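*Asks:* for reference, the sequence and a predicted model appear below.
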Amino acid sequence: MDYLVRDKSRDECVFCEDNTCFEDKYVLFKGAYSYVKLNTFPYTCGHVLVIPTGHIKDLSRLSREEGAEVMKLLSISCDILKKVYHCDGINIGLNLGKAAGAGIEQHLHFHIIPRWEGDVSFYTVCSGLRVISEILDDTYNKLIGDFKKVKI
């Protein structure tokens, strides 16, 4: 007798393909193995995520193809953010596990955060306050044109 085994770890995953989050209007690019979307709780303007499409928790579980596409999208996203936001630097972050700060630890995702000399990111650390100077729709509209031109 055969049984279907359901992956219960996917049931509540906001990043999985079968979740409405994957199809929302803030997805900027979909590749064969990963996608780019705006962080709906950004630290700064232009804060994007690069997310493997497969439900993968650990970096070591990425296939060679998945890893290559993720790295390519990280690079492309940085180039687009530099062009659009004229930022002075960029943080790229990956939090593996709750102890490392992963808010969504069941699905690997990379944060790309534009930074400027003298920006106010210390507010988040000191007081839990975030200063965001544009709404997500405006961020999306600024970035989507360049992401539509991406070819992988």
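*Replies:* Okay, I see it.

*Asks:* kindly check the end-to-end length of stretch 33-44 for me.
*Replies:* Taking Cα to Cα, to the nearest Å, stretch 33-44 runs 26 Å from one end to the other.

*Asks:* show me the shaky parts of this protein.
*Replies:* 1-11, 17-23, 120-132 (pLDDT under 70).

*Asks:* go again with 90.
*Replies:* The model of the chain has pLDDT under 90 over residues 1-25, 40-41, 43-44, 96-98, 100-105, 118-134, 152.

*Asks:* any idea which residue is closest to the centre of it?
*Replies:* With distances taken as Cα atoms, centre = their mean, Leu49 lies nearest the centre of the chain, 0.9 Å away.

*Asks:* following whatever helix or strand that residue lives in, which helix or strand shows up next?
*Replies:* Using DSSP states H and E, Leu49 maps to strand 48-52. Next helix or strand after strand 48-52 toward the C-terminus (DSSP H and E): helix 64-85.

*Asks:* no further questions, thank you.
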